[in-house]
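1. Next comes the sequence, and after it the predicted model I'd like to discuss.
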Amino acid sequence: MEALDKNNVQCSRQVAMVGCDAAQHQAWGQRLRMMGCTPVRFGSSAEFLQAVTHGSQFGLLLVVLKDEGAWPVITSMCKALRLPIFLVANALQRDLLIDVLATAGSEPAGATIDFAVLPVDDFEVELRVREALRRTETLLHPQTVSANFGDYRFIGSRKVVVHRGEEIRLKPREFELALLLFRNAGRLLERDWLLASLWMDSRIERKSRVLDCCVANIRRKLSLHKECEFVLHSVYGRGYELRRMPSSSLPELADTLDRADFPETSNEPAWIGRNELARA
């Protein structure tokens, strides 16, 4: 049963991409992977329908509309599977988009339809996809996550990270942020991206310290400093990056890495204390 649940979670993280060109697949696919999803590209709607017919499962269909004739078949299939759709179309297809909006209100639970008109910014695509996955509770599946990163094990059902036998309990937002950082180790995550990803329902300004306080909590609780396997590095005005240190020479390299590769450029204000961290 546990194996079956794990398989279902993995399938729900798969995003089918239909009709995307090479540039769209690369840019949007990278955004999806940063979210913890797996993009699966199909060259045509027929290939996607064949995969679904043979049992392939997805958490979302992202389609750049080119083959309008196949659209009724695709929507019918997604309704039956309760699969949400994010549709990207050009301005000449506005009439079809109006029809999409007219029928969206009658969709069964889980089979919502959202759309955007080209040209569309990569960041907007990511936010639309993220919102669609949140509506169907498939984004990241933090409540069912069980993932290992070096000596760190994430247990989503309990919002606990086990590190060298010690259980460290995190708040829900801290857990999601830590999971994003570990899944994207070695990549700088911009402040705007993190704020939009984790505080979607709140109007958080870019200069707000709520993200910095959350990061400070994670760094302290998970011991993400220079003596450890992972170091949570701050880049002033840009964001945060989690880097994995060479395990064979951590003690010897710690001081050098701190001075040269990890300058003190944190956004975290010096006045952050325990009371501020507790409210993050």
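-> In hand now; what should we look at? Numbering: from 1, shown residues only.

2. which residues of the stretch 1-150 of the chain fall in helices?
-> 2-12, 22-34, 45-53, 71-81, 94-104, 122-135 (DSSP state H, counting those that start in this stretch).

3. er, the stretch 151-280 of the chain I mean
-> 172-183, 191-198, 210-222, 250-260, 274-279.

4. which one of those has the lowest average pLDDT?
-> Comparing mean pLDDT across the helices of the stretch 151-280 of the chain, the weakest is helix 250-260, with a mean of 38.

5. and the gap between V125 and S157?
-> Separation of V125 from S157 (CB to CB, to the nearest Å): 31 Å. Using the backbone N, CA and C atoms, a C-beta is placed for each residue, glycine as well.

6. If you could redo that for L194, that was the one I meant.
-> 24 Å.

7. cool, and I113?
-> Computed as CB to CB, the I113 to S157 distance reads 31 Å.

8. Comparing these two, which residue is more hemmed in?
-> Set I113 next to S157 and count neighbours by other CB atoms under 10 Å: I113 wins out with 20 against 10.

9. Roughly how far does the more buried one sit from L60?
-> 11 Å.

10. Between those two, which contacts overlap?
-> Counting by CB atoms under 8 Å, 6 or more residues apart in numbering, the shared contacts of I113 and L60 are 84-85.

11. Give me the buried stretch members for stretch 67-77, please.
-> 70-71, 74-75, 77 (16 or more other CB atoms under 10 Å).

12. tell me the pLDDT at E124?
-> In this model, E124 is scored at 81, pLDDT.

13. Could you count how many residues lie near the closest residue to it other than its chain neighbours?
-> Once flanking residues are discounted, E124 sits nearest to A116: 6.5 Å by CB to CB, 6 or more residues apart in numbering. Neighbour count of A116, defined by other CB under 10 Å: 15.

14. L60 too?
-> Neighbour tally, L60, other CB under 10 Å: 28.

15. confidence score at the residue nearest to it when sequence neighbours are not counted?
-> Spatial nearest neighbour of L60, chain neighbours left out: V15 (4.8 Å); criterion: CB to CB, 6+ apart. pLDDT, V15: 93.

16. from memory V15 sits against R128, does it?
-> No. Counting by CB atoms under 8 Å, V15 stays clear of R128, with 11.7 Å between them.

17. of the two, who's got more company?
-> The residue with more neighbours, out of V15 and R128, is V15; 25 against 19, by other CB under 10 Å.

18. ok, back up a step: which residues does the residue nearest to L60 bridge with?
-> With DSSP bridges applied, V15 shows beta-bridge pairing to P39, L60.

19. need the contact list for it.
-> For V15, the contact set (CB under 8 Å, 6+ apart) comprises 32, 37-40, 58-62, 129.

20. Can you tell me which of these is nearest P84?
-> For the contacts of V15, the minimum distance to P84 (CB to CB) is 5.3 Å, reached by L60.

21. so where is the stretch 101-250 of the chain shaky, pLDDT-wise?
-> Residues of the stretch 101-250 of the chain meeting the criterion pLDDT under 70: 101-111, 135-145, 200-208, 247-250.

22. how about stretch 24-42: buried residues?
-> By neighbour count on 16+ other CB under 10 Å, the buried set for stretch 24-42 is 24-25, 28-29, 31-32, 34-37, 39-42.

23. Quick one: distance of it to the chain centre.
-> Mean-position distance between stretch 24-42 and its chain equals 10 Å (CA atoms, centre = their mean, to the nearest Å).

24. Then stretch 49-63?
-> Averaged C-alpha coordinates place stretch 49-63 at 20 Å from its chain's average position (CA atoms, centre = their mean).

25. what about it, how long is it end to end?
-> Using CA to CA, to the nearest Å, the end-to-end distance of stretch 49-63 comes to 12 Å.

26. cool, stretch 78-88 as well?
-> One end of stretch 78-88 sits 16 Å from the other (CA to CA).

27. Okay, buried residues for it please.
-> Applying a neighbour-count criterion of 16+ other CB under 10 Å, one finds 78-79, 83-88 buried in stretch 78-88.

28. Got the confidence number for the residue nearest the centre of the chain?
-> Central residue of the chain (CA atoms, centre = their mean): M35, 1.7 Å from the mean position. Predicted confidence (pLDDT) for M35: 82.
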